[in-house]
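Engineer: Following is a predicted model, sequence given first.
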Amino acid sequence: MKNFYLFLTYVFGTIIAFLGLLIITFYFSFSYISPLIESIFSIKINLTYALFYIALSFLLSGFFMGIYSITKSSSEKSKFWIFFSSMFALGSFGFQLYKLAILGPTWIGIEFFGTNGNKLEAMYISGILFLINFLSLVVSFSVFWAETKKE
């Protein structure tokens, strides 16, 4: 059962890291083609580092969760990796809460497109990103809590 638990932790960390890498790729692709989109649709695109910070936190949290799963079976220092995973998940979650409090539930659309981005679709994207981040936070802190209770 312990190996299955480590395997699930590894798979979840890999999925979170892949999601972070996918969002970073989207961010840089979007920044590359934003002049074309601005000229075709006559809208102003603002690229801030908010989504990049969240994606980088996803990538590092998932990476450290995967490293934890690998080192758990062979090392006593695995708590170090899950601690870093938890801190990156907490930082990303706190940053998303800040953006939700300041800009509202459509903060991703407002960040990219200004007032034109205040749409229902942007709220769905923000909500999905928030739920994934919350799930990552709960999993990483649950694993960290279980690690600290074993001592």
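Structural biologist: Thanks, I have the structure now. From a predicted model like this one, the values you see are computed outputs, not experimental measurements. Numbers count the residues shown, from 1 in each chain.

Engineer: which stretches of this protein have low pLDDT?
Structural biologist: Low-confidence segments of the chain (pLDDT under 70): 1, 151.

Engineer: May I ask you to name the longest helix in it?
Structural biologist: helix 2-41 (DSSP state H).

Engineer: May I see the buried residues of that helix?
Structural biologist: 6, 9-10, 12-13, 15-17, 19-21, 23-24, 27, 34 (16 or more other Cβ atoms under 10 Å). In this view, the C-beta of every residue, glycine as well, is placed from N, C-alpha and C.

Engineer: for it, packing partners?
Structural biologist: If contacts are counted by 3 or more Cβ pairs under 8 Å, 6 or more residues apart in numbering; DSSP states H and E, helix 2-41 sits against helix 50-72, helix 120-149.

Engineer: Now the residue nearest the centre of the chain: closest residue in space, sequence neighbours ignored.
Structural biologist: With distances taken as Cα atoms, centre = their mean, F58 lies nearest the centre of the chain, 3.2 Å away. Residue nearest to F58 in three dimensions, not counting chain neighbours: G20, with 3.1 Å by Cβ to Cβ, 6 or more residues apart in numbering.

Engineer: Relative to F64, how far out is the one you found?
Structural biologist: 11 Å (Cβ to Cβ, to the nearest Å).

Engineer: Over to K44?
Structural biologist: Distance, K44 to F64, by Cβ to Cβ: 37 Å.

Engineer: The two - which one has more neighbours?
Structural biologist: Comparing K44 with F64 by neighbour count (other Cβ atoms under 10 Å), the higher total belongs to F64, at 24 against 12.

Engineer: Leaving out sequence neighbours, find the closest residue to that one.
Structural biologist: For F64, ignoring the flanking residues on the chain, the nearest one in space by Cβ to Cβ, 6+ apart is S85 at 3.8 Å.

Engineer: hang on, isn't that neighbour packed against Y10?
Structural biologist: No - with contact defined as Cβ atoms under 8 Å, S85 does not count as touching Y10 (11.7 Å).

Engineer: so what's in contact with these two at the same time?
Structural biologist: Counting by Cβ atoms under 8 Å, 6 or more residues apart in numbering, the contacts common to S85 and Y10 are M65.

Engineer: Tell me, how many residues neighbour Y49?
Structural biologist: Neighbour count of Y49, defined by other Cβ under 10 Å: 11.
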